[in-house]
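Asker: need a structure here:
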Amino acid sequence: MIREFNILRSHGIQYVPDLKKAELTPLFRGRPVISPSVTDDEKTMLRKLCPSGAILENDFGIDLGKCVFCKECAFACPGKISFTNDYKIASNNRNGLIIRPGNESVGFDETRIRKEVRKLFRNSLKLRQISAGGDNSCEMELNASGNVNFDMGRYGIEFVASPRHADGIVITGPITENMAAATQICYDAVPHPKIIILVGTDAISGGLFSESKAINRSFLDKYPVDLYVPGNPAHPLTFINGLLKLQGK
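Answerer: Coordinates of the predicted model:
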């Protein structure tokens, strides 16, 4: 027993007491900041440099739904583009994920939240996760959301094994052709009303695989998405805080 107590003491407090005010290391790549001083030549260079097409061409900015957070744009333009450790970058609006020069926050549109979401799921939310061709990175982070460190269960948010016991689905991965039918079957099994959450760059936009013939994202053309959680992979705190904002907590 003495040995076990010494191990616990050496590890210290591992759980995050307040998930809304937690601070991450400055090395974490979260919300980007873009200086208005980026020149036209630099914009052209950055668009060619970005591996996922996250640098917008017409109205210059960074689309977090496509960004893989490789930080190459920040390396190419030091002092003009930087990535902060702000992890609260989830949005319920796809366009809200676009960061432009002088824009310091990710948009969240309260008017887009369905009334039944706040009414029925405010205090309890059960979710079924679908790995639709993911690389297991976002899947591992979602698993971590329920561990002893983050413990999203304290807010009544849990993953369940069956879609028939769920209030919505959480999709990770770009949705491959082989997972398209399974995604539809899982969604159909969830009772109404239900929500859809996309976690990770691959799920939101297809990421690096968006042009692949092995991808079938037609499912997302049929239904509205309630929450976009960017990241490559998405951090547990990004996911949890996004859900709390959706619930109105």
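
Asker: by contact count, what packs against the lowest-mean-pLDDT helix or strand in the chain?
Answerer: Least confident helix or strand, the chain: helix 2-11 with a mean of 78, by mean pLDDT, DSSP states H and E. Helices and strands touching helix 2-11, by 3 or more Cβ pairs under 8 Å, 6 or more residues apart in numbering; DSSP states H and E: there are none. C-beta here means a position set from N, CA and C on the backbone, and glycine is covered the same way.

Asker: Could I get the full set of helices for the protein?
Answerer: Listed in chain order, the helices of the chain (DSSP state H) span 2-11, 40-49, 72-76, 115-120, 137-145, 177-189, 201-205, 236-247.

Asker: and the longest strand along the chain, what does it pack onto?
Answerer: Counting residues, the longest strand found in the chain (DSSP state E) is strand 125-131. Helices and strands touching strand 125-131, by 3+ Cβ pairs under 8 Å, 6+ apart, are helix 137-145, strand 157-159, strand 168-172, helix 177-189.

Asker: Of the helices of the chain, which is nearest residue 20?
Answerer: Residue 20 lies closest, by Cβ to Cβ, to one member of the helices of the chain: helix 236-247, at 6.4 Å.

Asker: what's the spacing between the closest one and its chain's center?
Answerer: Distance of helix 236-247 from the chain centroid (Cα atoms, centre = their mean, to the nearest Å) equals 9 Å.

Asker: burial of residue 120, as a residue count?
Answerer: The number of residues packed near residue 120 is 14, by other Cβ atoms under 10 Å.

Asker: Tell me how far it lies from residue 193.
Answerer: For residue 120, the distance to residue 193 equals 7 Å [Cβ to Cβ, to the nearest Å].

Asker: now do residue 53
Answerer: Counting by Cβ to Cβ - residue 53 and residue 193 are separated by 34 Å.

Asker: just residue 111 next, same as before
Answerer: From residue 111 over to residue 193 the distance is 18 Å, taken as Cβ to Cβ.

Asker: higher neighbour count, those two?
Answerer: For residue 111 versus residue 193, neighbours defined as other Cβ under 10 Å are more numerous around residue 193 (14 against 6).

Asker: what about residue 167, neighbour count?
Answerer: 21.

Asker: Contacts only, for residue 117.
Answerer: Residue 117 makes contact with 193, 195, 226, 246, 247, according to Cβ atoms under 8 Å, 6 or more residues apart in numbering.

Asker: what about burial for those residues, which qualify?
Answerer: The neighbour count (16 or more other Cβ atoms under 10 Å) marks 195, 226, 246, 247 as buried among those.

Asker: Any chance of TSV for those residues, columns pLDDT and distance to residue 8?
Answerer: Putting these into TSV (pLDDT from 0 to 100; distance: Cβ to Cβ, whole Å) gives the following:
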residue	pLDDT	distance to residue 8
195	96	38
226	96	40
246	94	35
247	93	33
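
Asker: which one of those sits closest to residue 174?
Answerer: residue 226 (19.0 Å).
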